[in-house]
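K.L.:
need a 3D model of the following:
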Amino acid sequence: MILFFGSKSSDTHHFRNLVRGHFLKHNWTNIELDEYFTLMPSDRKLLGNKTGKNRLVFVVLLKFFQLEQCFPDRPYDIPQTVINHVAHQLDITPAVYPEFQWGSRTHEHYRAQIRTCF
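P.N.:
Predicted coordinates:
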């Protein structure tokens with residue numbers, strides 16, 4: 001099944017109902033990446049003093065949560081194209097993404113910080 005999104009509000013709702021909590025869509029167009037995974041000024045304010053892999057993972061979690069209203073279950077639920085897109089905006093190599101320890105106290109802290117924004 002190929003999923004394509006045209007209008008953000010209806011398609012996001014449809015996407016959420018189809019794949020609740022998991023990224024089944026792995027092929028994102030540049031337009032979709034820009035629409036759903038581009039950092040806004042308000043997103044950048046949340047980064048604080050995070051650097052490197054922590055900065056990258058925080059933004060990936062934030063953008064996923066904005067789209068899905070939940071967090072990914074596993075690091076590999078995020079397609080590499082999304083990681084690359086976010087890393088490019090942060091001027092960070094995407095190779096650091098797998099180094100982050102999912103389930104760590106830092107990971108849980110980031111999830112709590114993101115939840116308080118919504």
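
K.L.:
what's the local residue count around Q69?
P.N.:
Neighbours of Q69 under the rule other Cβ atoms under 10 Å: 12. All C-beta spots, glycine's among them, are computed from the backbone N, C-alpha and C.

K.L.:
could you do K53 as well?
P.N.:
Here the number of neighbours of K53 (other Cβ under 10 Å) works out to 20.

K.L.:
how close does it get to V59?
P.N.:
From K53 across to V59, the span is 11 Å (Cβ to Cβ, to the nearest Å).

K.L.:
again, but for R111
P.N.:
Applying Cβ to Cβ, the value for R111 to V59 is 13 Å.

K.L.:
and if you look at P72?
P.N.:
Counting by Cβ to Cβ - P72 and V59 are separated by 13 Å.

K.L.:
the two: who's more crowded?
P.N.:
For P72 versus V59, the count of surrounding residues by other Cβ under 10 Å is larger for V59: 24 against 17.

K.L.:
need the contact list for the closest residue to that one other than its chain neighbours.
P.N.:
If the residues on either side of it in the chain are set aside, V59 comes closest to V86, at 5.1 Å by Cβ to Cβ, 6 or more residues apart in numbering. For V86, the contact set (Cβ atoms under 8 Å, 6 or more residues apart in numbering) comprises 37, 39, 56, 59-60, 63.

K.L.:
pLDDT value on V86, please?
P.N.:
Among the per-residue scores, V86 shows a pLDDT of 97.

K.L.:
next one: Q69
P.N.:
Per-residue pLDDT puts Q69 at 89.

K.L.:
for it, give me phi and psi.
P.N.:
phi 60, psi 30 (degrees, to the nearest 10).

K.L.:
list the buried residues of stretch 42-53.
P.N.:
43, 46, 50, 53 (16 or more other Cβ atoms under 10 Å).

K.L.:
which residues are contacting that stretch?
P.N.:
Residues contacting stretch 42-53 (Cβ under 8 Å, 6+ apart): 55, 58-59, 62-63, 92, 96-97, 99-100, 113-114, 117.

K.L.:
just the buried ones from those residues?
P.N.:
55, 58-59, 62-63, 92, 96-97, 100, 114.

K.L.:
that older thread, next, format the buried residues of stretch 42-53 as JSON lines and append secondary structure and distance to H107.
P.N.:
Formatted as JSON lines, the buried residues of stretch 42-53 follow (DSSP: H, G, I helix; E, B strand; the rest coil; distance: Cβ to Cβ, whole Å):
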{"residue": "D43", "secondary structure": "helix", "distance to H107": "18"}
{"residue": "L46", "secondary structure": "coil", "distance to H107": "16"}
{"residue": "K50", "secondary structure": "coil", "distance to H107": "12"}
{"residue": "K53", "secondary structure": "helix", "distance to H107": "11"}
